[in-house]
Each structure stands twice: as structure tokens, then as C-alpha cells.
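Q: Need a 3D model of the following:
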Amino acid sequence: MTAIAIAIIACYTVYIIMDRRKRKKEAAEAVIDDVSYIQEIKHLSGKVGFVTWQQYDILLAAQKYGWETMVDLAAYLETADIDHIDSLTVADLPDEQATELVHVYKQSKGGLKTFDKLAEERGMLSIAGHSRALKDSIKLVWFNQTNVLRLFTLVNDETLIKRYVETVIRRTFGTKDAMKLAIKK
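A: Numbers count the residues shown, from 1 in each chain. Below you'll find the predicted structure:
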């Protein structure tokens with residue numbers, strides 16, 4: 001009887017393990033029935049000291065965005081995902097030295113939507129901090145009048161980054177569609 005009981009327990013254990021793997025895979029492949037906002041993604045990496053940063057250059061499959069959209073997305077991330085904003089920069093040209101605004105922003109005690117230093121249109125906007133969704137540091141960079149988004153993080157997982165960007169663009173943090181990929185058409 002003991003051998004039969006052990007065999008039943010072993011079979012049940014294998015069944016549970018296989019079922020969990022199947023559910024994990026199904027969850028990882030979850031998609032929403034919509035067209036993807038991502039046309040192309042290029043993944044680069046590089047070391048800064050002992051840290052290996054990942055850079056993701058994302059070409060959005062949408063029309064070019066403007067300054068108001070950039071500020072609006074940054075403000076959305078401020079409330080929906082990013083804790084402790086570590087950096088907030090603007091520049092007139094992508095190659096120009098960026099102006100750091102985080103200290104002025106923290107003293108303003110308001111949100112990015114009403115932050116007066118973002119009232120004037122600029123060529124580049126970036127926000128950096130800790131992402132709750134990715135559970136790691138992140139920096140997003142928008143370039144005015146383009147459909148390019150640049151993302152820096154320690155996360156070395158292109159699929160996860162695609163999910164994150166889809167969630168940012170769709171503004172679905174905290175919903176059932178958060179961190180789901182759209183169907184690429």
C-alpha cells in the first residue's frame with residue numbers, strides 16, 4: 001500500500017508542476033485583440049562601471065507625437081508606475097546638453113502636468129526613476145515630432161519591455177490589459 005500511495009503522490013505532484021508551467025506560459029503569452037503600437041525595437045547594451053545597462057530604441061507604429069503628448073505620458077507614468085523620480089531632463093536638440101529639472105520639480109510640490117518648466121516646448125524630454133511594473137530602474141526619453149521612444153533599464157528582457165511600452169502607450173496600468181502585448185498586424 002505504501003508504494004501505491006507514493007506513486008499517487010508522485011503522479012499528483014508531476015500533474016501540479018505541469019499545470020503550473022502551463023498556466024505560467026499562458027499568462028506570459030497573453031495578448032489583447034488589438035494592433036500593436038510597436039513597429040520595431042532595437043536592443044543595445046553597454047557597461048557603465050560594473051553595471052550593464054540595456055537600451056531599447058522603439059519605433060512606434062503611430063504618427064509622430066508632439067510636446068503635449070510627451071508631457072502627458074510623463075505625467076501618466078509619474079502617477080501610474082514611476083516611484084521616486086530621480087531625473088527629469090529637457091533639451092532643445094537631442095545632441096544638446098540636457099537641463100536637469102528634478103530638484104526644481106521636487107520643490108514645486110505639484111505634478112508634471114502643472115510643472116511650469118514643462119510649459120515651453122522643447123526637443124527632448126526624459127524621466128527616470130523606479131518602475132513598479134518592472135521592479136527596477138528605468139529612464140524613458142521622448143524626442144519631439146518623432147515616433148521614437150528610447151528606454152534605458154537594467155532589465156534584459158525584450159518581451160517584457162515590449163509589454164511595458166504597450167502598457168505605457170495604451171495607459172493600461174492597473175487594468176486587466178496591463179503588461180499584455182497586442183497582436184502584431
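Q: any idea how far the most centrally placed residue in the chain is from Ile41?
A: Taking CA atoms, centre = their mean as the criterion, Tyr164 is the residue nearest the geometric centre of the chain, at 3.7 Å. Tyr164 is 11 Å from Ile41, where distance means CB to CB, to the nearest Å. All C-beta atoms are positioned from the backbone trio N, CA, C, and that covers glycine.
Q: one step back: would you agree the residue nearest to the centre of the chain falls within a helix?
A: Yes: secondary structure assignment (DSSP: H, G, I helix; E, B strand; the rest coil) places Tyr164 inside a helix.
Q: I'd say it and Asp136 touch.
A: No: if you go by CB atoms under 8 Å, Tyr164 and Asp136 don't touch, sitting 10.5 Å apart.
Q: ok, Lys117 - how many residues close by?
A: Neighbour count of Lys117, defined by other CB atoms under 10 Å: 14.
Q: got it, and Ile6?
A: So Ile6, with other CB under 10 Å, has 10 neighbours.
Q: Show the pLDDT at it.
A: Note on Ile6: pLDDT of 77.
Q: Then His43?
A: Predicted confidence (pLDDT) for His43: 96.
Q: go on, Thr2?
A: 79.
Q: same check, this time on Leu181
A: Reported pLDDT for Leu181: 82.
Q: What's the separation between it and Ser36?
A: Taken as CB to CB, the span from Leu181 to Ser36 is 7 Å.
Q: Residues in contact with both of those two, list them for me.
A: Common contact partners of Leu181 and Ser36 (CB atoms under 8 Å, 6 or more residues apart in numbering): Glu166.
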